[in-house]
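1. the sequence and its predicted three-dimensional model are supplied below.
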Amino acid sequence: MPTVEILSTGDELLTGQVVDTNSTWLMDRLWDLGLMVRRKTLVGDDRGDLQAALREATARADVVVMSGGMGPTEDDLTAECVAAVLGVPLERHEPSLEAIRRRFQHFGRPMTPNNEKQALFPRGAAVIPNRFGTAPGFSVQLGRARLYCLPGVPVEYKGLCDEAVLPALAAGLESVPAGRVVKLFGLGESAVDHAMRPLMDAPENQGVRFGYRAHWPEVHVKWTVGGEDATARADRLLGEVRALFGDAVWGEGKDELPRVVVERLLSRGERVTTAESCTGGLVAELLTSVPGSSGAFDMGVVAYSYEAKSALVGVPAELIAAHGAVSEPVARALAEGSRARAGATWGVGITGIAGPGGGTPEKPVGTVHLALAGPGGTAHVARLYRGDRDRVRRSTAFEALFLLLRAMR
């Protein structure tokens, strides 16, 4: 298997202004090919640092995928630095320049002279056309490595990886291992690892590469299997892992929980409505972010104040006075009230204390009541989530989706 490294450049990545999501995305895609990135390097917009990083990475790895520094501005240095390390000049690539001109014309924008910089490549480079933006990528042999240089804009980076880099890597492999991912909810990473130990230690699973990904509030278990019977062995493990974790399993592979919930609702011809307090509409946002959700989502209410809970969803004021806004009876009333008013199949009700203030000894920060009203009655769970406000809200929203999905099994 080739060794792969990632090299990302840009001052914004080192100042915390931008998070490098390109690298994590590529690592996940490389896993599907049975490849694990050996090292990732971040470098600012400095010619000396960038050239040193290029020499080091291409001396260690067989493949280096670089992102950033491909734009038209003064601090975009990738092509220039690669050419300097290679000891070759930059040359204009006329087809790329023409493509850049056409793109500006298409969007009715004037093309300033500095954009011509994006058509300059080290002599001998193989240009990677970019139909997602103005900056083409390129690849060269540098040191022991095949170096791929791609723009840092995520949509362009991912598009060129999918169209050029990943197919080239796959073509160079003798075989692509069979990989599977199972996605869990409600279990910690250490508990999952402990439960998996008998499977990982089983003699028949020797040579299987297991891994975990804590993607809060989910945990993903993944494995790759090589060899002629790779698919059959990977599928046998899939059945065993699903049986091991039972109801905690909500998806596989590239599944995303909101999409899985919406697809399940659509397949059943059912609709859901939400009445949220501490999550401020996050459940509705997650559901409506899925294309086609209009056929499954009916109404979302953010009922923050006592008055809004009563006026919009019909929660009795006496109920709030007797039990407090953060309570099981109020969560149930939110779920049942929203369901009744919308005429939907399912109603989600959420009330809680996301913090950092508002907690009491009886109801500390992180206290949340979730209710799900449906054809079979109303279910309720109480939770005490750890973490800051964002973590409490996110945990609550995803647990609401998980409860709904489990109710539809």
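-> Now that the structure is in, tell me what you want to look at. Values in this document were obtained by computation on a predicted structure and should not be read as measured data. Numbering: from 1, shown residues only.
2. can you give me the helices for the stretch 301-409 of the chain?
-> Along the stretch 301-409 of the chain, the stretches classed as helices by DSSP state H, counting those that start in this stretch are 306-313, 317-323, 328-342, 389-407.
3. can you redo these as a markdown table with distance to residue 2?
-> C-beta coordinates here come from the backbone N, C-alpha and C atoms, glycine included. As requested, the helices of the stretch 301-409 of the chain are exported to a markdown table (distance: least, C-beta to C-beta, whole Å):
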| stretch | distance to residue 2 |
| --- | --- |
| helix 306-313 | 57 |
| helix 317-323 | 62 |
| helix 328-342 | 53 |
| helix 389-407 | 37 |
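4. between the ones you listed, which gets nearest to residue 113?
-> With respect to residue 113, and counting by C-beta to C-beta, the nearest of the helices of the stretch 301-409 of the chain is helix 389-407 at 44.0 Å.
5. give me the distance between the closest one and the centre of its chain.
-> The chain centre lies 16 Å from the centre of helix 389-407; the measure is C-alpha atoms, centre = their mean, to the nearest Å.
6. hang on, residue 142 packs against residue 82?
-> Yes. Between residue 142 and residue 82 there is a contact under C-beta atoms under 8 Å: 6.8 Å.
7. can you give me the helices for the stretch 1-150 of the chain?
-> Secondary structure of the stretch 1-150 of the chain, counting by DSSP H, counting those that start in this stretch: helices at 11-14, 21-32, 47-60, 78-86, 94-106.
8. got a list of contacts for the first one?
-> By C-beta atoms under 8 Å, 6 or more residues apart in numbering, the residues outside helix 11-14 that reach it are 18-20, 42, 44-45, 68, 75.
9. may I have it as CSV, with CA atoms only?
-> Once non-C-alpha atoms are left out, helix 11-14 reads as follows in CSV (Å, rounded to 0.1, in the frame of the first residue of the first chain):
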residue,chain,number,x,y,z
ASP,A,11,-2.3,31.4,7.2
GLU,A,12,-6.0,31.2,8.0
LEU,A,13,-5.6,27.5,9.0
LEU,A,14,-3.0,28.5,11.6
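10. buried stuff in that helix?
-> Judged by neighbour count using 16 or more other C-beta atoms under 10 Å, the buried positions of helix 11-14 are 12-13.
11. same deal with stretch 45-64?
-> When neighbours are counted by 16+ other C-beta under 10 Å, the buried residues of stretch 45-64 are found to be 45, 50-51, 53-54, 56-58, 61-64.
12. got it, and stretch 99-113?
-> Here stretch 99-113 shows 99-100, 103, 111 as buried, counting by 16+ other C-beta under 10 Å.
13. and the gap between residue 123 and residue 92?
-> When C-beta to C-beta, to the nearest Å is the yardstick, residue 123 and residue 92 sit 11 Å from each other.
14. with residue 118 instead?
-> Taking C-beta to C-beta as the measure, residue 118 falls 10 Å from residue 92.
15. of the two, who's got more company?
-> Neighbours around residue 118 and residue 92, counted as other C-beta atoms under 10 Å, are more numerous at residue 118. The numbers are 23 against 11.
16. quick revisit: turn the buried residues of stretch 99-113 into CSV, including pLDDT and distance to residue 11.
-> As requested, those are arranged in CSV below (pLDDT from 0 to 100; distance: C-beta to C-beta, whole Å):
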residue, pLDDT, distance to residue 11
99, 95, 28
100, 95, 24
103, 93, 26
111, 92, 25
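17. need those residues in TSV with distance to residue 303, can you?
-> Below are the buried residues of stretch 99-113 laid out as TSV (distance: C-beta to C-beta, whole Å):
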residue	distance to residue 303
99	52
100	51
103	47
111	51
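18. let's see if you can find the most crowded of the contacts of helix 11-14.
-> residue 68 (29 neighbours).
19. wait, that residue touches residue 152, no?
-> Yes. Using C-beta under 8 Å, residue 68 and residue 152 qualify as a contacting pair, with a distance of 3.5 Å.
20. so what sits against both of these two?
-> Overlap between the neighbourhoods of residue 68 and residue 152 consists of 8-10, taking contacts as C-beta under 8 Å, 6+ apart.
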